[in-house]
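Asks: predicted model and sequence follow; I will ask about them next.
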Amino acid sequence: MPSSSKSGDIPVFLFSMSMEDYDYLFKIVLIGNAGVGKTCLVRRFTQGLFPPGQGATIGVDFMIKTVEIKGEKVKLQIWDTAGQERFRSITQSYYRSANALILTYDITCEDSFRCLPEWLREIEQYANNQVVTILVGNKIDLAEKREVLRQRAEDFAEAQSMLYLETSAKESDNVEKLFLDLACELIREAKQNKLDNSDTAPMPGEGKTISYLSCCNIN
Ligand SMILES: Nc1nc2c(ncn2[C@@H]2O[C@H](COP(=O)(O)OP(=O)(O)OP(=O)(O)O)[C@@H](O)[C@H]2O)c(=O)[nH]1
């Protein structure tokens, strides 16, 4: 159910949403430098398209997709944050109740990789300490322009106890895998009762909301 544009407006429609039938609700937040492809990843997953002429996100956008995993309905609340520095104070407020963070960089842009330590500091400061974080190197369709070697990114992710995946929003490579594997891991952790609801403010009309998590093996 697409629900937003690149407007950054608060999703007021949520307040009139009726109770839906689902087994789990997870909040996933995408962060990373401007232009790395966060919005395109979300659009590819939620709408199955690669939008042409995508403008920069203003503040935060929001989309929902419900998927079925092993017979269970999983509602994914996906928050797409603006990468531009000037929106940082707005976007930071969305980290805290995230169950999972998708930290995205562009494999053709060394700068977006070099900024990762800065993003990690943001996560440390603003996210809950049980959040699952996955590092995503996007735009692998532009292999000839690659500036960040896969091994280097894998080593970085491992050193930071993060999962790692490379994607192409344009070619739809690994995009479903990214979100579905995250959902599987979140379910697995939920079933093990690794829940900490203290940081989660439930949305009106929502049922079970969880926040927690430790690292997992997504591959
Ligand atoms: N070749 C290629 N281009 C991509 C891919 N993903 C995104 N792009 C392009 O990269 C540019 C930025 O994409 P966005 O999705 O708007 O990037 P963003 O990270 O949301 O940027 P902000 O909203 O400013 O934070 C656009 O021109 C996209 O068409 C991809 O997988 N491959």
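Replies: That came through, no problem. Residues are numbered from 1 along each chain as shown.

Asks: hey, let's count contacts and neighbours off CA atoms from now on
Replies: OK.

Asks: what's the first helix or strand after the worst-scoring helix or strand of the chain on mean pLDDT?
Replies: Lowest on mean pLDDT, DSSP states H and E among the helices and strands of the chain sits helix 88-92, with a mean of 86. Once the chain leaves helix 88-92, the next helix or strand it forms, by DSSP states H and E, is strand 100-106.

Asks: identify all contacting residues around whichever helix or strand comes after that following strand.
Replies: Later in the chain than strand 100-106, the nearest helix or strand by DSSP H and E is helix 110-114. Contact partners of helix 110-114, identified using CA atoms under 8 Å, 6 or more residues apart in numbering, comprise 32-33, 36, 105-107, 147-148.

Asks: against the ligand, which of those residues make the cut? List them.
Replies: Among the contacts of helix 110-114, the residues within reach of the ligand (CA under 6 Å from any ligand atom) are 33, 36.

Asks: tell me the contacts of the nearest residue to Glu154 once chain neighbours are set aside?
Replies: Nearest residue to Glu154 in three dimensions, chain neighbours excluded: Tyr164, at 6.3 Å (CA to CA, 6 or more residues apart in numbering). Counting by CA under 8 Å, 6+ apart, Tyr164 makes contact with 134-137, 153-154, 157.

Asks: coming back round to it: let's have the contacts of helix 110-114 in TSV, adding pLDDT, distance to Val42 and neighbour count.
Replies: TSV is the format used below for the contacts of helix 110-114 (pLDDT from 0 to 100; distance: CA to CA, whole Å; neighbours: other CA atoms under 10 Å):
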residue	pLDDT	distance to Val42	neighbour count
Gly32	97	13	27
Asn33	97	15	22
Val36	98	12	23
Tyr105	98	14	30
Asp106	98	15	28
Ile107	98	18	27
Glu147	98	23	14
Val148	98	23	19
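
Asks: report the two of the contacts of helix 110-114 separated the most.
Replies: Spanning the widest gap among these are Gly32 and Glu147, at 16.7 Å by CA to CA.

Asks: touching the ligand at all, the biggest helix by length in the chain?
Replies: Longest helix in the chain by number of residues (criterion: DSSP state H): helix 175-191. No - judged by CA under 6 Å from any ligand atom, helix 175-191 and the ligand are separated, with a smallest distance of 9.4 Å.
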